[in-house]
Each structure stands twice: as C-alpha cells, then as structure tokens.
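Enquirer: Structure for this input, please:
(one chain, ligands or ions: 1)
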Amino acid sequence: MRSLEDRLERVLRPDVRQMRPYVVQPSAGFVKLDAMENPFRLPPALQQALGERLGRVAINRYPGERIDELKAALARHAGMPEGYRLVLGNGSDELITLLGVACNRPGATVLAPTPGFVMYEVSCELLGLRYVGVPLVPQTFELDEAAMLAAIEAHQPALIYIAYPNNPTGNLFDDALIERVIEAAPGLVVIDEAYQPFASRHYLDRLTRHPHVLLMRTLSKFGLAGIRLGYLMGRPEIVDQVEKVRPPYNVSVLNCEAALFALEHEDEFRRQAEVLRRERSRLIEALAALPGVRPFPSEANMVLARVPDADRAFEGMKARGVLIKNVSRSHPLLAGCVRLTVGTPEENDRMIAALAASLT
Ligand code: PMP
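Expert: Model prediction:
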C-alpha cells in the first residue's frame with residue numbers, strides 16, 4: 001500500500017503543495033478594521049425580523065425560483081440597464097473565478113493595474129491563467145495610460161479588471177483613461193465596483209456604451225459581507241456563457257432570503273453608508289494631523305495611509321486592540337503604507353488614538 005504522503009505527491013499539483021493558504025487574521029476581542037466590513041449591525045428589530053424570515057425558509061430544498069426574485073431585486077437595486085442580465089456569485093470572489101474558468105483558453109491572459117485586489121491574481125494562479133499586473137502611477141495611484149496601453153498591445157488580455165474605486169488605494173481612476181483602456185481592450189473588461197456604496201461616481205450609466213464591459217458588484221461592503229453575495233451584470237451574450245460554468249446552487253436559500261430581506265430595507269444600509277462616508281472625511285483629517293502620516297484621498301470605506309514605520313504602526317495598534325492591514329510589503333508602491341477600514345465613530349476614535357500612540 002502506498003503511504004498517504006506518496007499518494008498526495010502523485011496526485012496534487014506541485015504549485016498547490018507549495019501554496020500558502022489564505023489566512024484570515026484572528027480578530028476576536030479586537031476593534032476589527034482590517035477587511036472593509038461595514039461595522040454596523042442591523043438594528044435589533046430588523047435583526048429579529050430577519051431571524052423570523054430565515055426561520056421559515058425550506059432548508060430541505062435546493063435553491064429554486066426564489067433566486068430569480070433575488071436577481072430581479074438586485075437589478076432594481078442597482079438600476080441595471082434594459083437588455084442586460086446578471087449572474088450571482090458566492091461573493092464577487094467566486095465571480096472572478098468563474099470568469100477565469102470561462103475564459104481559460106491556452107495562453108489566456110488576465111491584466112489588472114497594481115497594486116489592486118489580490119483575487120484577480122490568485123484566481124489566475126489557481127486556474128493556470130497568465131496574469132499581468134501593470135503598476136499604477138506612484139503617489140497618485142492613477143492608471144498609467146502608456147503602460148496600460150502598451151501591456152494591452154503586448155499581451156492581448158482576455159480579461160481586464162478595473163476596480164472602481166481601487167483596493168487598497170481607495171481612489172477612482174480617471175474616467176477618460178478608463179475609456180481608452182476599454183477601447184483598446186481586445187477581450188472583456190470588468191469594472192469591479194465593490195466599493196460603489198461609498199463612491200461619488202459609478203460606471204453604470206456608461207455600461208451600455210460598450211458591449212464588452214461587465215459591471216461587478218457585491219453586497220459585502222453594503223453591510224452583508226457575511227452572506228457572500230456578488231453579482232455581475234453584462235450583455236446576455238456574455239452572462240449566459242458565465243452561467244454555464246457556475247455551480248448550480250452556489251447561492252444558498254439562506255443567503256438568498258437574507259439578501260432579499262436586506263434589499264427590502266436598503267434605506268437602512270444607505271444610512272449606514274452615509275455615516276461611513278462622513279466618518280471617512282473625519283478620519284482622513286485626523287490622520288493628516290498626525291506627525292509623518294499621509295492619508296491618501298479615498299472614495300471607499302477604507303483609507304490608505306503612509307506612516308513613518310508601517311510594521312511598528314501595525315504591531316503598536318494591535319497591542320492596543322486595533323486590527324488593521326499592513327500592506328507595506330504587498331507592493332513596492334505601497335512601501336510604508338497601512339490600510340485602515342472606516343469603522344463606527346467610536347472605533348475610529350480608538351484607531352486614531354492607537355495609531356498616534358504607535359508612531360514613536
Ligand atoms: N473586489 C474588490 C475590489 C474587493 O476589494 C473585494 C473584497 N475585498 C472584492 C471584490 C470581493 O468581495 P466579495 O467576495 O466579498 O463580494
């Protein structure tokens with residue numbers, strides 16, 4: 001009999017064996033400001049009403065027609081253009097994988113500006129797609145037009161991801177530059193609007209200009225990170241193809257019902273987003289007043305800041321009970337940077353105090 005180690009050696013992909021798993025930082029007892037979650041719970045009355053709704057769901061059945069109702073509700077919520085369709089994912093993370101699966105022809109390339117959302121690259125590693133990251137302009141974190149156009153010409157990418165606003169830099173790229181990237185793209189372009197609830201502009205009004213552009217959104221940052229629901233809007237010619245590679249029951253009956261409930265109460269979530277936008281301004285002002293700290297402008301529920309010593313800031317804040325993200329080693333353009341999620345007013349006060357105390 002072969003040993004288990006022997007079997008794994010034979011069957012597992014060598015690169016999978018080398019891979020490190022995605023680690024979620026333990027956060028119990030911390031002020032958790034590391035993952036762009038909405039810090040607000042539902043008001044108790046709504047939480048109770050949600051519990052009652054979920055209590056009536058037939059969990060013995062696979063998801064069925066109720067998913068179509070959810071799709072219709074999301075289309076209304078987003079204001080999806082006439083003639084477009086949407087496909088649902090277990091978070092937009094899954095949609096990124098599904099797009100990769102659908103476009104995974106030999107030699108296919110995915111291109112995205114960097115620093116950017118890590119899953120674009122991770123999904124490529126998993127699927128064996130080529131990934132090309134094109135650095136943003138240092139300091140402004142704007143798209144580097146010449147570099148983007150040259151990379152598109154050289155690599156002829158099947159997919160281009162533009163996060164709008166971008167993670168972790170928080171900015172919205174210039175619209176005219178995006179337009180030129182879209183026009184130069186030989187394949188599909190995905191505008192990833194995960195942070196749309198906090199942004200001053202969005203791409204939806206322009207979506208119908210280009211049939212090869214898809215718009216991806218999620219309920220995660222809106223206040224429902226726990227239910228895992230992302231959606232991708234596009235022309236039926238594209239969406240119907242992505243549907244073919246989607247696992248049939250990827251959105252559970254509980255997720256579906258919770259999302260429908262949330263959309264019925266979207267005003268509550270919009271109010272929360274409004275508070276977070278105000279808090280973002282306050283946070284940026286407070287950060288700018290700290291010695292040696294430079295916050296970058298943000299259109300998302302996070303603020304990237306350059307600090308005198310990112311490791312020291314991260315550890316010092318952690319020791320004071322505040323968990324943030326140290327992105328200083330994730331990309332050369334982010335040297336010395338930390339990413340701070342906007343929390344409740346009280347959490348932000350604690351975060352600012354913890355950072356101030358951790359600078360020296
Ligand atoms: N896109 C961007 C730009 C993100 O930052 C994130 C999450 N951090 C996602 C997509 C994924 O969101 P989810 O899977 O929770 O829908």
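Enquirer: tell me how far the ends of stretch 248-268 are from each other?
Expert: Start to finish, the residues bounding stretch 248-268 are 31 Å apart (C-alpha to C-alpha, to the nearest Å).
Enquirer: pLDDT (mean, whole number) over that stretch?
Expert: Taken as a whole, stretch 248-268 carries a mean pLDDT of 97.
Enquirer: Kindly report the same for stretch 190-205.
Expert: The average pLDDT within stretch 190-205 is 97.
Enquirer: in that stretch, what's buried?
Expert: For stretch 190-205, a neighbour-count test (16 or more other C-beta atoms under 10 Å) marks 190-199, 202-204 as buried. Where C-beta positions appear, they are placed from N, C-alpha and C, glycine not excepted.
Enquirer: which residue sits closest to Y62 in space, ignoring its chain neighbours?
Expert: In this structure, Y62 finds its nearest non-sequential neighbour in Y249, 5.2 Å apart by C-beta to C-beta, 6 or more residues apart in numbering.
Enquirer: dump the residue contacts of the residue in the stretch 251-360 of the chain that the ligand sits nearest to.
Expert: Using C-beta to the nearest ligand atom, the single residue of the stretch 251-360 of the chain nearest to the ligand is A300, 8.2 Å away. For A300, the contact set (C-beta atoms under 8 Å, 6 or more residues apart in numbering) comprises M36, P165, N167, G170, Y195, F198, A199, K221.
Enquirer: so how far is the ligand from the first one?
Expert: Read that as M36. According to C-beta to the nearest ligand atom, to the nearest Å, M36 stands 6 Å off from the ligand.
Enquirer: same deal with the fifth one?
Expert: Spatial separation of Y195 from the ligand under the definition C-beta to the nearest ligand atom is 7 Å.
Enquirer: So for the closest residue to that residue other than its chain neighbours, what's the pLDDT?
Expert: Ranked by C-beta to C-beta, 6+ apart and with sequence neighbours excluded, the top spatial neighbour of Y195 is A300, at 3.7 Å. The per-residue pLDDT reported for A300 equals 98.
Enquirer: mind checking the SS state of A300?
Expert: What DSSP: H, G, I helix; E, B strand; the rest coil gives for A300 is coil.
Enquirer: Mind checking the pLDDT average for the helix or strand hosting A147?
Expert: Assigned by DSSP states H and E, A147 belongs to helix 145-155. Helix 145-155 comes out with an average pLDDT of 98.
Enquirer: helices or strands up against it?
Expert: For helix 145-155, the packing partners by 3 or more C-beta pairs under 8 Å, 6 or more residues apart in numbering; DSSP states H and E come out as strand 109-114, strand 130-135, helix 175-184.
Enquirer: closest one to N255 among these?
Expert: Closest approach to N255 among the helices and strands packed on helix 145-155 is made by strand 109-114 (27.0 Å; C-beta to C-beta).
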